[in-house]
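Trainee: Could you look at this predicted model? Sequence included:
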Amino acid sequence: MTVAVATAMAGKAVEVAGEPVRAAVAELSRRVRERFRGRPTDEEALARATGDPAPDRIAALAGAVQRLMSEEPEFGTELRNLWNQAQTNAAATNDGVVNVLNGRAGKVIQLRDVHGDLNIG
């Protein structure tokens, strides 16, 4: 989740999302940005990822988000709830598909149109 949040904060994850998802992610990003104020290392990680969303910079920002969630467990719960809300609000349009998986799973299969046999052995 933290990598997805960091990607969204860097401004790249919601370019094609629908309005309800954009609104939830914008709120999530706003709350994290507020918590980063006065934390120079976290502010720098955010500025670097926003300026150039390279994978290593997104990873650094994700680490900052994870630290924040660890240091403030109640805030971490708020973020998870907002993230789940964003995923719940996702809706497919124009023949699109939305797959949402929360939690951990050993094996997951997500399909759309299957024409013919499907054998999972």
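Mentor: Great, that's in hand.
Trainee: does V32 sit in a helix or strand, and which one?
Mentor: helix 19-36 (DSSP states H and E).
Trainee: Identify each buried residue in that helix, please.
Mentor: Buried residues in helix 19-36, counted by 16 or more other Cβ atoms under 10 Å: V21, R22, A24, V25, L28, S29, V32, R35, F36. In this view, the C-beta of every residue, glycine as well, is placed from N, C-alpha and C.
Trainee: Mind giving me the packing neighbours of it?
Mentor: Judged by 3 or more Cβ pairs under 8 Å, 6 or more residues apart in numbering; DSSP states H and E, the packing partners of helix 19-36 are helix 2-9, helix 40-51, helix 55-71, helix 73-88.
Trainee: what's the angle from the worst-scoring helix or strand of the chain on mean pLDDT to helix 73-88?
Mentor: The helix or strand of the chain with the lowest confidence, counting by mean pLDDT, DSSP states H and E, is helix 2-9 at a mean of 71. Helix 2-9 runs at 70 degrees relative to helix 73-88, counting by axes from the mean of the first three to the mean of the last three Cα atoms, to 10 degrees.
Trainee: and the angle for helix 2-9 with helix 19-36?
Mentor: 100 degrees.
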